[in-house]
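J.: Sequence first, predicted coordinates after that:
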Amino acid sequence: MRVFVNKISGIDDAIVSMFMSKRTWTRELESEVRRICASVTKPDGSVDLECNMEDYFKFKDWMEKLVKWGQKHVTMLRFIEFSITVEGLHRGGQDDWDAHAKRYENRIIRSSTRLSNFGYEMSDFYKGKIIPTDQAAEILGITFPERFEHDGKAYVKAVNGYIDEQYKDNQDVKRGLYMLSIPSNFIFKVNLTEWAHVYKERNASGTANPEVKECCEAIADELGKMVPWFDRTLFAAIEN
């Protein structure tokens, strides 16, 4: 399994939001915030450590204030969004991740078991831990017929079992035999405030499936590498 933080966006908007409540905002200040953010961050939103140091220290000051006040005033942190791709999380774990779809504002699309064909592939977590019946039979030298009849119907061999012959090419029927260990790829978007909730629910100290926890922690690692202020301490402190 691999995770990719494609882009972090909206930091400039979040910083600008700090100046609105107490009416310290001016259009000139907003323009300066956006200029400095563009100077300090790369196109993917990560902090550029080779940037202009004067700009960096101003950015650093704003970020420290933002994460301090944003922990309670969580709307400010909702301006910050993450685009994330996950490759190879098992299908059962995908169900767990989908449970937070509201947090992503339903912005999550995954590999479809209806529109794709799966063989005996499985996510890294399950490799070496389980052997599907068909593969176990092959190892043991047991052969199954390619076709047999039962209750007046003909059934043909498919991945993990048999299918009524008339439905052998029907994707809706074929996926009934797929195992929850098959790998699933997906892309989702989530804002920082809602991500904090997902992290609290799915991190290594929780009760989630081990591969789901691995996915969650890997995302947290990547976020922290890109923007040092986006760390586990912040995720735990955000009141959401």
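T.: Alright, I've got the coordinates.

J.: helix/strand/coil for Val5?
T.: Taking DSSP: H, G, I helix; E, B strand; the rest coil as the rule, one finds Val5 in the strand state.

J.: what about the closest residue to it other than its chain neighbours, distance to Lys58?
T.: Closest residue to Val5 apart from its sequence neighbours, by Cβ to Cβ, 6 or more residues apart in numbering: Glu222 at 4.3 Å. For the C-beta atoms, the positions are set from N, CA and C on the backbone; glycine is no exception. Glu222 sits at a distance of 25 Å from Lys58 (criterion: Cβ to Cβ, to the nearest Å).

J.: How is Ser31 classified with respect to secondary structure?
T.: Once three-state DSSP is applied, Ser31 turns out helix.

J.: Met226 versus that one, what's the distance?
T.: 25 Å.

J.: Neighbour count for the two, which is higher?
T.: Between Ser31 and Met226, counted using other Cβ atoms under 10 Å, Met226 has the larger neighbour count: 18 against 11.

J.: Help me confirm that that one comes into contact with Val5.
T.: Yes. The criterion here is Cβ atoms under 8 Å, and Met226 meets it with Val5 at 6.1 Å.

J.: Mind listing the shared neighbours of the two?
T.: The contact sets of Met226 and Val5 overlap at Asp44 (Cβ atoms under 8 Å, 6 or more residues apart in numbering).

J.: rewinding a little: shouldn't the residue nearest to Val5 be within a helix?
T.: Yes. The assignment for Glu222 is a helix, going by three-state DSSP.

J.: Would you mind measuring from it to Glu194?
T.: When Glu222 is compared with Glu194 (using Cβ to Cβ), they lie 17 Å apart.
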